[in-house]
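Engineer: Let's see this in three dimensions:
(one chain, ligands or ions: 1)
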Amino acid sequence: MTLEDLDKRYVWHPFTQMKEYASESNLVIVRGEGNYLIDEEGRRYLDGVSSLWVNLHGHRHPHIDAALKDQIDKIAHSTLLGIANEPSIRLAEKLVSVAPVGAYCNTPLQHVFYSDNGSTAVEVALKIAFEYWQLRARHAPNLLKKKKFVSFCEAYHGDTLGAVSVGHIELFHEVYRPLLFATHQAPIPTDPGCLDWVEQLFQKQAGEIAACIIEPLVQAAGGMIVQPKGFLKRLRELCTRYQVLLIADEVATGFGRTGTLFACEQEEVVPDFLCLAKGLTAGYLPLAATLTTAEIYQAFLGDYGEFRHFFHGHSYTGNQLGCAVALANLEVFNREHVLEKLPPKIARFQELLAGLAQLPQVKEVRQQGLMIGIELNVGAALCGRPAGEGNHIGLPLQEQRLGHQVCLAARAQGVFIRPLGNVIVLMPPLSITLDEIAWLCRVTHEAIVGIL
Ligand SMILES: Cc1ncc(COP(=O)(O)O)c(C=O)c1O
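Structural biologist: Modelled structure (predicted):
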């Protein structure tokens, strides 16, 4: 049996209809090199979605490889429950030093709680925010009611049940609704009335709200939905004014994707929680961090018998390999002036995407830094064809999966991308070159025109 056969027999892939997957020919990646993935036959694919938004500096980056090898010669893992380890200490210090600062701030981010992935980074923030008010309520009983969360329409914060509770993407989340805690769903941030809605809610019910969670600047999994300028700032102000904690989920936007190290910086916002994962290890290992303020941390301090400690932790919390790699990742940002090199890349995308946006097959192009969503004009794909007949793929509209078809067409040209429904996502490693940007845009353009 080939690896591809074995994969189809044994592996259940995430977010994948396995029946369809089993009927298609699939890639088995055996190596990576810079911005490319390499399959069993030696074919190379530009990693146009950074291996699901994680890779930053390319695959097998020498400095990060060396840090990993160096660490593995010392120790791979020891627990963080009650004892410490060097890479997790050094990384926590580093993360606090690079965390967003700015005028829109309650208190700075000063403490780091580690976990394994974006969903757990969010779970940790939700649980700490909830418990913070419960702990403070021991001396101010009116705070006991602060139990609810606010999140936004089309938000995505991960797949564990707490993260799903604050998620609002119908297709992913609806089936689990009976298992979830209720949240206030604010309108999508692009709705001009969104912040007024939030303010009215806070005016009436802030006494019952623990925190508001947002993906700053871009709702990524919702389809790369870019927020209007000033939105985050105003949200921070409202949260401060009405004593609602602000959780910034930078799992997707963090580590340079939006053009700055963190998206919050662009609005000079310091949240009460900053959730990090994905790019934290530059696409090498599963590691996450939830940063929070001294004020929140201190609410959990007390004598043992007061049971104020945070009863939460994962087996691999503070894993040395992950932390060593994350430190090396931040060193690469410095050594290679990664952020300074982004503006021309962002500009090149802007220029090339302007052409794509003119296509009748494209409804809208959205871009924030190196996060790009190209929404297909699905209606136009059927134009000129007899009603009910579907397009040239020969399937009815809901089954055409045009985004998927476009990505398969790009793959045939040596570009690996993955859509969000009928939004084509481009989120390449920050190390992508100007020539590769041109090629990525050209292949995407041709694939769209070829399929629609
Ligand atoms: C904003 C955001 N939060 C959380 C998550 C969940 O991260 P993970 O898949 O590592 O659990 C994601 C994943 O795409 C995300 O985009």
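Engineer: Lowest-scoring secondary structure element of the chain by mean pLDDT?
Structural biologist: helix 397-400 (a mean of 58; mean pLDDT, DSSP states H and E).
Engineer: after that one comes which helix or strand?
Structural biologist: The helix or strand immediately downstream of helix 397-400 is helix 402-412, counting by DSSP states H and E.
Engineer: Show the average pLDDT along that next one.
Structural biologist: For helix 402-412, mean pLDDT is 96.
Engineer: And it, what does it pack against?
Structural biologist: Secondary-structure packing of helix 402-412 (3 or more Cβ pairs under 8 Å, 6 or more residues apart in numbering; DSSP states H and E): strand 371-376, strand 423-426, helix 434-451. Using the backbone N, CA and C atoms, a C-beta is placed for each residue, glycine as well.
Engineer: Could I get the ones you listed in CSV, plus columns for distance to the ligand?
Structural biologist: Below are the helices and strands packed on helix 402-412 laid out as CSV (distance: least, Cβ to the nearest ligand atom, whole Å):
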stretch, distance to the ligand
strand 371-376, 10
strand 423-426, 11
helix 434-451, 21
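Engineer: can you list these in TSV and add mean pLDDT and mean neighbour count?
Structural biologist: Formatted as TSV, those follow (pLDDT from 0 to 100; neighbours: other Cβ atoms under 10 Å):
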stretch	mean pLDDT	mean neighbour count
strand 371-376	98	25
strand 423-426	98	24
helix 434-451	97	18
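Engineer: mind putting the ones you listed in CSV, distance to Ala140 included?
Structural biologist: CSV is the format used below for the helices and strands packed on helix 402-412 (distance: least, Cβ to Cβ, whole Å):
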stretch, distance to Ala140
strand 371-376, 41
strand 423-426, 45
helix 434-451, 54
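Engineer: Contact residues of this protein facing the ligand?
Structural biologist: Taking Cβ under 6 Å from any ligand atom as the contact definition, the chain meets the ligand at 117-119, 122, 156-158, 215, 220-221, 249, 251-252, 277.
Engineer: Glu20: what secondary structure?
Structural biologist: With DSSP: H, G, I helix; E, B strand; the rest coil as the basis, Glu20 sits in helix.
Engineer: any idea how far the residue of the chain found nearest the ligand is from Asn377?
Structural biologist: Nearest to the ligand, among the residues of the chain, is Gly118, at 2.1 Å (Cβ to the nearest ligand atom). According to Cβ to Cβ, to the nearest Å, Gly118 and Asn377 sit 31 Å apart.
Engineer: With neighbour numbers in mind, choose between the two.
Structural biologist: Ranked by neighbour count (other Cβ atoms under 10 Å), Gly118 and Asn377 place Gly118 first, with 28 against 18.
Engineer: Might you report the residue contacts of the more buried one?
Structural biologist: His157, Gly158, Ala163, Asp249, Val251, Ala252, Cys275, Ala277, Lys278, Ala288 (Cβ atoms under 8 Å, 6 or more residues apart in numbering).
Engineer: you'd agree the first one is up against Ile169?
Structural biologist: When you say that, I think you mean His157. No - distance between His157 and Ile169: 10.0 Å, which falls outside the contact criterion (Cβ atoms under 8 Å).
Engineer: With adjacent residues omitted, what lies nearest to the spatially most central residue of the chain?
Structural biologist: Most central in the chain under Cα atoms, centre = their mean is Ala252, positioned 2.1 Å from the mean C-alpha point. In this structure, Ala252 finds its nearest non-sequential neighbour in Ala220, 3.8 Å apart by Cβ to Cβ, 6 or more residues apart in numbering.
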